[in-house]
Structures are given as C-alpha cells and as structure tokens.
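Participant: below are the sequence and a predicted model; questions follow.
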Amino acid sequence: MSFSYLFQFFRFAGGCVGGRSVVSLLSTVMMLAASLAHAQGYGGRTASVETAPAKQEVLSRFTDVQGRIVAGNSSAITAVTNGVVDLATLRIGDMVEEGQLIATQDSKTLRRQLALLEIRVADAKIRLAEATQADRDETDRQQRQRENLRLRLVEANARIDELEADLRHEADQLAVNKRQLELLEGKAKRAQDLADRNTLPSEAAETALGASLNARQHMLAREATITGKTAQLANARSAVARTRLEIDQLERDIAAPDGFTIARIEAEIRQFEADITDLRADIRDTNLVAPRDGQLVFLAELQQGYSREGDVIARVLAMDEFEVEAEIPVAHMEFVGAADNIRSFDLEGQMMMLKPRAVLPVQNARTGTQTVRFRITGDLPPAARADNAVIVLKVPTSSPAPVVTVLKDAVLPVVGGHIVYVAEEGIAIKRRIRLGEAFGDSFVVLQGLEAGAEVIVRGNEALNDGKKIKIGGAPAGKKPTGLGGEAWSLNWTTSRGPASADLLLGTEKSLFNDEEISVVRAGDSINFIGKLFLPFGVLDLDFNGTIEGNNMAGKVTLRGLPGGREPTLDFTGTKDSGTKDAD
C-alpha cells in the first residue's frame, strides 16, 4: 500500500514542482509523514489497521539463474509427389488447427497412375476368372477320367477272374490229355511190338501210332492255350495295377489341384489393390493439412511453385510442448534435484512453476554449470510463448531451513533499510528489519522480527512508533464504551480494491472511524463527511445516501487526491443488529 501512495504523491508533486530533485521530494514526503504522525501520535486519533502474523516457514535460499524457453519438435508438412503446390492464404505466425488446409498439390500424375492400376486390376480379374474356369474344367475332366479308370479296373478284374477260371479248366483238360497220351503211346508201343512179331497187321500199328500222335498234338495245343491265357492273365494283372496307379494319381491331383496360376494372379490383384489404396491416400494427401494444433513457423516462399516429393512445404510448432533449459551451477545440482518445484519468472514478472525433467550430459568447464531441462507444470504466460524467451529461475542454493516470513504489504522502505509495525496491546511498535529473498507475496526476514508477531499489513502508511491503533478485525459496528446510537459498517470499492469504515450515529455525537463528524439527516436521507488520513494528505469522504431499515446505500465522493481528481463511488452500509436506533 505504501509504495502505491508514494508513487501517486511523486506524480502529483512532480507535476507541481517541475524539475525539483528526487532528494527534495523525498524530504518533503518525510516531513509530511512526520507532521501527520506527530498530529496523530500519542494521545491523538486511533488508527484502524489490519494485521497478519509473521510466520515461520521451512524454505531454501535461492539465487537467480537465467534460462530460456525451448520449443518442442515441429511437425513438417511435405509434398507427397512431384508437382505444383498452391499455398492457402496463410502467413508465418498464424495459428492453425489440426486438419486445417495448408496447401494443395497437383494430383494429375497420381490420378493417371491410379487409372492405369485400375485397368491392370480389371485385366488381372479377367485372367483370374479364366484361370478359375479352366481349373474347374480340369477338375471335371479328371473326375470323368477317374470314373472311366474305375470302370476299366472293374473290367480288368473281371477279365482276370475269367482267365483264372479258364486256366483252371485248361489245366484240368491238360491233365486229361496227358493221361490219354500215356495210354495211347502205350497202346501204340504194344501194337508196334506185335506188328514186329507179325502178330498184328502193320495198319493196326500205324493206326495206334496215329492216335498217339494225335493225342500228343491235342496236349501240345492245350499247353499252348494255357501259356497264352497265362500271358493274358499277367497282362490283365498289369493293367489292373496300372489302372490303380492312374486312379491314385488322379485322386491326388483332384485333392491337390495345381493353383499356382490362380495364386499368382490373386497375388497380382492384391498388390494392385494395395497400390491403388496407397495412391488414393496420396491423392487425398495432396490436400496438405496441419497434423496438429499449433503455430506456423515455416512456410514455403512461393504462393505457387513446383515441389518434389519430400520437400518441406510448412512446419507447425505445437504450443503445448515448450520446456525451459538452464545452465545450473554444478554446486546447486543436488538442491535442484531434491526440489519438487522451481519458481521462475518471465520478463513481465509472470511466475511459472517448473519441475526438473532431465539432466543433460553436457557441462560448461568455463562456468562450472550443467544443462538441465525443466517441464512447465502450469500455464505458460503469453510473454514466454517463444523459442529462446528469457526466463529467470529461482534456484535453491541450500537445503530447506526454518525462516521468518512476513507479507510484503507490511514492509515499509525507509532510509537505510526497511521497517514494519508490530501491534502490541493497541500500540504500533516500529521494528527495523533486514530482508532476505522474496517468496510469493512474502519477504524472508533475516533479522529484527520473531515468528508469531502481529505485523500491521494495512493502515501502516500513516503510523509512527507508539501510535494507538484499532485492529480492523474487531466485530463490525462495535462502538466506543459509553456512547449510544446506531453502529454501521460502511463498504465501497476503489480502483485499489475493497475499502470499509465504521460509522456511529450517536445521540450525543457521531463518529467516523472513531473521529467525530457532523451528520445531517432529513427523513431517510443522510449526509456526512469523514476523513481518511494518508501519507500524502487527508482525504474527505463525502457520503450521501438513504437509510431503509438496517441498510444504507448511496454515493461517496473522494476529495483531496493528488491531481485534483474527485471520483464518486457507490457505497453500502449495514447496521449492527445489536444496536438501537438513535433518538
């Protein structure tokens, strides 16, 4: 609060005095503050303040290390074929969405290739149909041939049975012929013996010899017949075996047809269809689109130009893959690795929380540092959304240790250092302190303050050592002892935030923040002027409002601000239910 008031005063004073030196202005401010403090000192007005305890926290010491934003890998959009590329109406730096058209590439060559492949597929399908029909015809022929062979096998087996029966019959006949031959030869021999002894005519001997020769002839003919039928039987058996082999071969051929031609054609068709699918995808890809959400960081120079397959047309950088890279002193690496989060700030002072992600195996021998990559755990401020953007890291340089912290609003700058006011038994006690590092909305206090002390954080601008104070945390509407009337709590909002005050409408006198005021009431209307004491002067707060039951509302005009401004604000009031109406 004090810094804002001093800044406003310097602006006001600078406009009034022109070239007066800063030292003279500072002296004027100190004299004004001293005079106000003296007027409101011991036994003077009671200042309304707010307090907060000084806390003991376990923190590390920090040092500033400069790092930089490192962008993630960009996604390249490349030409899918040789041809002319027409860029969309885009410029480097434009934000694009996934699927957004970046450029269009001429696809005539690809479409001609697609048409040729479709013709080849149609031809291959015709050849496949012909081969399939030929295969079916061959299967039918083989099945008919198998039936014919089976019939031949049956006939051959029947012929074998017939020949075997004939051979058995011929063998029986041969046995008879042999017996008959033996008888006739014996008869012819006896007849010859008798003829030699002239006991039998020679004609009878010749007749007996002729009968014997005739019987031998019949036997030889029978043997020849048997030999022929035996050969026929062997041939028939060979035919049966050959037929069976042919049937077995046909069975195997039918069970495993020769599908090489069909398989080859089907493989050609599959290859053609795969090529067609790829070509259609390439034709679709001639509409070059963004592969992800991001920002265009590269774009081809020509709005329309010839590109070869693989040429980069554009690059898209994702806006959610930034990291922070910093050179961390090797002596602090242990503390960085042990930290859950590392605070960092961009050039506009926006804080980011970082988490160590990786320690790169790279050290700088000259500076004694090692490269560390940090992951950003929260939102990335707009000022840091750029490659190589400067980031300042608060790197821990020690292990966590207990320290005393105090809110920044409690600290007042003075010549030679800083002070705070501590609330003790209704009195503001000045303490000179020595500050350490800033941590969020607090300062680390190295000396001059103990944990648990009630430090004044609001209303400390016009205080001096020993001034009486009233802590604003007391119940609203609390009135001084011995005074009767209505206790009100007033509230309004300025450009610096909410503000409040206590109002007592008494029967004997009325008070505004414990300062006596004059109140004008006419029916439900009310008007009064309260005073607000600040380092650069005293503000008059002119309240004009109406009262309805336990509520008050109206306008308040602030007078006495630097530069002569007199803003008018809305205010509301609430009456304490524990007070009675003033007479």
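Facilitator: Happy to help now that I have it.

Participant: tell me the SS of Arg280?
Facilitator: helix (DSSP: H, G, I helix; E, B strand; the rest coil).

Participant: which ones are touching the nearest residue to it once chain neighbours are set aside?
Facilitator: Distance criterion Cβ to Cβ, 6 or more residues apart in numbering; nearest residue to Arg280, sequence neighbours excluded, is Leu114 at 6.8 Å. (Glycine included, C-beta is placed from N, CA and C.) Contacts were defined as Cβ atoms under 8 Å, 6 or more residues apart in numbering; by that measure Leu114 touches Ile276, Leu279, Arg280, Ile283.

Participant: distance of the second one from Val121?
Facilitator: It stands for Leu279. To Val121, Leu279 is 12 Å away according to Cβ to Cβ, to the nearest Å.

Participant: over to the first one?
Facilitator: Computed as Cβ to Cβ, the Ile276 to Val121 distance reads 7 Å.

Participant: list the neighbouring strands of the one helix or strand Ala314 maps to plus their orientation.
Facilitator: In this structure, Ala314 sits in strand 312-317 according to DSSP states H and E. Strand partners for strand 312-317, identified by DSSP bridges, are recorded as strand 75-78 (antiparallel), strand 294-299 (antiparallel).

Participant: Gln370 reaches Ala326, doesn't it?
Facilitator: No. Contact criterion Cβ atoms under 8 Å: Gln370 and Ala326 do not qualify, at 9.7 Å.

Participant: who has more neighbours, the two?
Facilitator: Per other Cβ atoms under 10 Å, whichever of Gln370 and Ala326 has more neighbours is Ala326, with 24 against 19.

Participant: now do the phi/psi pair for the more buried one.
Facilitator: Torsion angles at Ala326 (phi, psi; degrees, to the nearest 10) stand at phi -140, psi 150.

Participant: what of Ala389?
Facilitator: Backbone torsions of Ala389, given as degrees, to the nearest 10, read phi -60, psi 140.

Participant: how many other residues sit next to it?
Facilitator: Ala389 has 19 neighbouring residues, counting by other Cβ under 10 Å.

Participant: same deal with Ile77?
Facilitator: Other residues lying near Ile77 total 23 when counted by other Cβ under 10 Å.

Participant: cool, and the one 10 residues further on?
Facilitator: Using other Cβ under 10 Å, the number of residues around Leu87 comes to 20.

Participant: measure it to Glu203 for me?
Facilitator: Distance from Leu87 to Glu203, by Cβ to Cβ: 136 Å.

Participant: can you tell me how far the residue nearest to Arg280 sits from Ile276?
Facilitator: Leu114 is 6 Å from Ile276, by Cβ to Cβ.

Participant: re earlier: which pair of the contacts of Leu114 spans the longest distance?
Facilitator: Using Cβ to Cβ, the two most remote members of the contacts of Leu114 are Ile276 and Ile283, lying 10.3 Å apart.

Participant: which residues in the stretch 301-450 of the chain form strands?
Facilitator: Applying DSSP state E, counting those that start in this stretch to the stretch 301-450 of the chain gives strands spanning 304-307, 312-317, 323-329, 342-345, 351-364, 369-376, 390-396, 401-407, 412-414, 417-424, 427-439, 442-447.

Participant: quick one, which of those strands gets closest to Thr207.
Facilitator: Nearest of these (Cβ to Cβ): strand 304-307, 123.5 Å.

Participant: neighbouring strands of that closest one in the sheet, and parallel or not?
Facilitator: Here strand 304-307 has these sheet partners by DSSP bridges: strand 83-87 (antiparallel).

Participant: pretty sure Val455 sits against Thr51.
Facilitator: Yes. Under the criterion of Cβ under 8 Å, Val455 makes contact with Thr51 at 6.2 Å.

Participant: what is the subsequent helix or strand relative to the longest helix along the chain?
Facilitator: The longest helix of the chain (DSSP state H) is helix 108-196. Going down the chain from helix 108-196, the next helix or strand is helix 202-255, by DSSP H and E.

Participant: which secondary structure elements does that following helix contact?
Facilitator: With contacts taken as 3 or more Cβ pairs under 8 Å, 6 or more residues apart in numbering; DSSP states H and E, helix 202-255 sits against helix 108-196.

Participant: would you show me how to pick out the buried ones of the contacts of Leu114 in ChimeraX?
Facilitator: To isolate the buried ones among those in ChimeraX, judged by 16 or more other Cβ atoms under 10 Å, type:
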select :276,279,283
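
Participant: any shared contact partners between Val455 and Thr51?
Facilitator: Residues touching both Val455 and Thr51 (Cβ under 8 Å, 6+ apart) are Ala423.

Participant: list the contacts of Arg385.
Facilitator: Ile69, Met319, Phe322.

Participant: how about 7 Å then?
Facilitator: Taking Cβ atoms under 7 Å, 6 or more residues apart in numbering, we find Arg385 in contact with Met319, Phe322.

Participant: same thing with Val372?
Facilitator: Each residue near Val372 by Cβ under 7 Å, 6+ apart is listed here: Ala326, Ile328, Val336, Pro356, Val359.

Participant: go on, Ser518?
Facilitator: Going by Cβ under 7 Å, 6+ apart, Ser518 touches Phe528.

Participant: and the pLDDT for it?
Facilitator: For Ser518, the pLDDT comes out at 90.

Participant: run the chain-centre distance for stretch 166-184.
Facilitator: In this view, stretch 166-184 has its centroid 107 Å away from the chain centroid, taken as Cα atoms, centre = their mean, to the nearest Å.

Participant: list the buried residues of that stretch.
Facilitator: Within stretch 166-184, the residues that count as buried by 16+ other Cβ under 10 Å are Asp166, Leu167, Glu170, Leu174, Asn177, Gln180, Leu181, Leu184.

Participant: just the C-alphas of that stretch, formatted as PDB.
Facilitator: What follows is stretch 166-184, C-alpha atoms only, in PDB (Å, rounded to 0.1, in the frame of the first residue of the first chain):
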ATOM      1  CA  ASP A 166     -10.100-120.700 -68.000                       C
ATOM      2  CA  LEU A 167      -6.600-121.600 -66.800                       C
ATOM      3  CA  ARG A 168      -8.000-123.900 -64.200                       C
ATOM      4  CA  HIS A 169     -10.200-125.500 -66.800                       C
ATOM      5  CA  GLU A 170      -7.300-125.800 -69.300                       C
ATOM      6  CA  ALA A 171      -5.100-127.300 -66.600                       C
ATOM      7  CA  ASP A 172      -7.800-130.000 -65.900                       C
ATOM      8  CA  GLN A 173      -8.100-130.700 -69.700                       C
ATOM      9  CA  LEU A 174      -4.300-130.800 -70.000                       C
ATOM     10  CA  ALA A 175      -4.200-133.400 -67.200                       C
ATOM     11  CA  VAL A 176      -6.700-135.500 -69.100                       C
ATOM     12  CA  ASN A 177      -4.800-135.100 -72.400                       C
ATOM     13  CA  LYS A 178      -1.600-136.200 -70.700                       C
ATOM     14  CA  ARG A 179      -3.300-139.300 -69.300                       C
ATOM     15  CA  GLN A 180      -4.800-140.000 -72.700                       C
ATOM     16  CA  LEU A 181      -1.400-139.600 -74.400                       C
ATOM     17  CA  GLU A 182       0.200-142.000 -72.000                       C
ATOM     18  CA  LEU A 183      -2.500-144.600 -72.700                       C
ATOM     19  CA  LEU A 184      -2.300-144.100 -76.500                       C
END
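
Participant: right, I'll call it a day here.
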